[in-house]
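K.L.:
got a structure for you, letters missing:
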């Protein structure tokens, strides 16, 4: 996990490979946003190399990201529970969106 110090607090970032067979379609997008909404932190995601960060709490935006199977997802968060948020989302994606995580 990378930590960048900024005047407005710490920003935590981490990358994770998208192992879901069909990429980021509706079911994993809903699970990701549901989990993201459990945290106070500002959470953004993007496919590695993309210029635009996407709000992890928006299902429509996550689906529009069109992340393909095998792509690397970058996650960044800031706020009081940012480190826990990044860790939880990385775990969700790395374990292929298990049903018990909903």
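P.N.:
Everything's here; your move. What you see is a predicted model, and the numbers here were worked out from it, not measured in a lab.

K.L.:
got any ranges where this protein has weak pLDDT?
P.N.:
Within the chain, the stretches with pLDDT under 70 are 1-8, 100-102.

K.L.:
residues of the longest helix anywhere in the chain that come out buried?
P.N.:
Longest helix in the chain by number of residues (criterion: DSSP state H): helix 82-94. Neighbour counts over helix 82-94 (16 or more other CB atoms under 10 Å) mark 82, 83, 84, 85, 86, 87, 88, 89, 90, 92, 93 as buried. Any C-beta I mention is one placed from the backbone N, CA and C, and that applies to glycine too.

K.L.:
Over to stretch 64-84?
P.N.:
Buried, per 16+ other CB under 10 Å, within stretch 64-84: 65, 67, 71, 73-79, 82-84.

K.L.:
Just name the closest of these to residue 15, please.
P.N.:
residue 74 (5.2 Å; CB to CB).

K.L.:
Could you check how far the closest one is from residue 18?
P.N.:
When CB to CB, to the nearest Å is the yardstick, residue 74 and residue 18 sit 11 Å from each other.

K.L.:
ok, now residue 93?
P.N.:
Taking CB to CB, one finds residue 93 at 6 Å from residue 18.

K.L.:
hang on, the earlier thing: any idea which of the buried residues of stretch 64-84 is closest to residue 28?
P.N.:
Distance to residue 28, by CB to CB, is smallest for residue 67 among the buried residues of stretch 64-84, at 9.0 Å.
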